[in-house]
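# only geometry, no sequence info:
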């Protein structure tokens with residue numbers, strides 16, 4: 001069992017004492033957590049990513065209750081995503097001009113099969129899915145498989161590349177009925193984080209499956225890479 005640091009022990013107890021609070025308060029508390037540490041306990045030294053977790057009242061085993069989507073957050077996510085594109089013909093030059101990090105076809109697929117996975121997003125034109133399809137076993141478990149629903153299987157590669165470079169993120173409900181998604185960095189202002197979280201929550205709310213019964217959003221929490229979650233009222 002991994003040893004829990006004094007910092008995490010203290011912050012867990014502190015965050016539990018906060019209880020469930022409104023979004024603005026949760027953002028403020030998350031950003032100021034390390035300032036609450038007692039003397040002698042070292043704070044986190046890097047700019048942590050901030051993640052939103054939403055527990056939904058859906059049954060992910062039912063195809064008509066899957067919640068999945070993508071969104072360009074108002075203030076990005078604080079990092080430049082590495083984007084690869086499967087394309088041919090004129091789309092190759094178009095994708096490169098839009099900022100894609102790698103563009104190719106079978107040779108790119110062979111690199112991935114050989115173990116190269118140094119990227120965050122995979123985009124493909126529809127005519128390249130014959131090449132991309134066999135990569136499902138590699139890309140699927142890592143959330144990197146192109147999908148029409150996420151907008152990563154598209155003929156408009158320029159728009160897709162530009163959106164992901166600008167901070168577009170994908171999300172999908174997991175087997176436990178939860179959605180996890182990065183919404184920025186701890187160095188973002190409170191306003192920036194609040195705007196990003198609000199936009200994502202609004203998007204998730206709009207995707208409520210008609211087959212879902214009862215309470216849809218059952219829990220919301222905001223956390224950072226090395227910080228415990230804070231419950232958010234919704």
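Done, it's in. Nothing here was measured: the structure is a model prediction, and the numbers come from that model.
# so the residue nearest to residue 138 when sequence neighbours are not counted, which of the three states?
For residue 138, ignoring the flanking residues on the chain, the nearest one in space by Cβ to Cβ, 6 or more residues apart in numbering is residue 112 at 6.1 Å. (Each C-beta comes from the backbone N, C-alpha and C, glycine too.) On the three-state scheme (DSSP: H, G, I helix; E, B strand; the rest coil), residue 112 is labelled helix.
# how far away is residue 112 from residue 134?
Computed as Cβ to Cβ, to the nearest Å, the residue 112 to residue 134 distance reads 10 Å.
# what do you get for residue 19?
According to Cβ to Cβ, residue 19 and residue 134 sit 50 Å apart.
# cool, and residue 25?
Per Cβ to Cβ, residue 25 is found 49 Å from residue 134.
# which of the two has more neighbours?
With neighbours defined as other Cβ atoms under 10 Å, residue 25 and residue 134 compare such that residue 25 has more, 15 against 12.
# my reading is that the more buried one lies in a helix. Confirm?
Yes. Counting by three-state DSSP, residue 25 is located in a helix.
# what does the model give it for pLDDT?
pLDDT for residue 25: 97.
# ditto for residue 1
Residue 1 carries a pLDDT value of 51.
# same question, residue 185
At residue 185, the model reports a pLDDT of 96.
# the one 4 residues further on too?
In this prediction, residue 189 carries a pLDDT score of 97.
# could you report the neighbour count for it?
Counted with other Cβ under 10 Å, residue 189 comes out at 12.
# ditto for the one 4 residues further on
Here the neighbour count serves as a burial measure; for residue 193 (other Cβ under 10 Å) it reads 27.
# likewise residue 40?
The tally of other residues near residue 40 (other Cβ under 10 Å) stands at 6.
# tell me the pLDDT at it?
The per-residue pLDDT reported for residue 40 equals 89.
# for residue 144, see how far away it is.
In terms of Cβ to Cβ, residue 40 sits 42 Å off from residue 144.
# just list the residues touching the residue nearest the centre of the chain, thanks.
Centroid-nearest residue in the chain, with Cα atoms, centre = their mean: residue 181, separated by 3.3 Å. By Cβ atoms under 8 Å, 6 or more residues apart in numbering, the contact list for residue 181 reads 51-52, 169-171, 200.
# ok, 7 Å please
Remark: with contacts taken as Cβ atoms under 7 Å, 6 or more residues apart in numbering, residue 181 is in contact with 51-52, 169, 171, 200.
# ok, now residue 174?
residue 60.
# start to end distance for stretch 103-121?
Stretch 103-121 stretches 12 Å from its first residue to its last (Cα to Cα, to the nearest Å).
# pull the distance from that stretch to the chain's centre.
Between the centre of stretch 103-121 and the centre of its chain there are 21 Å (Cα atoms, centre = their mean, to the nearest Å).
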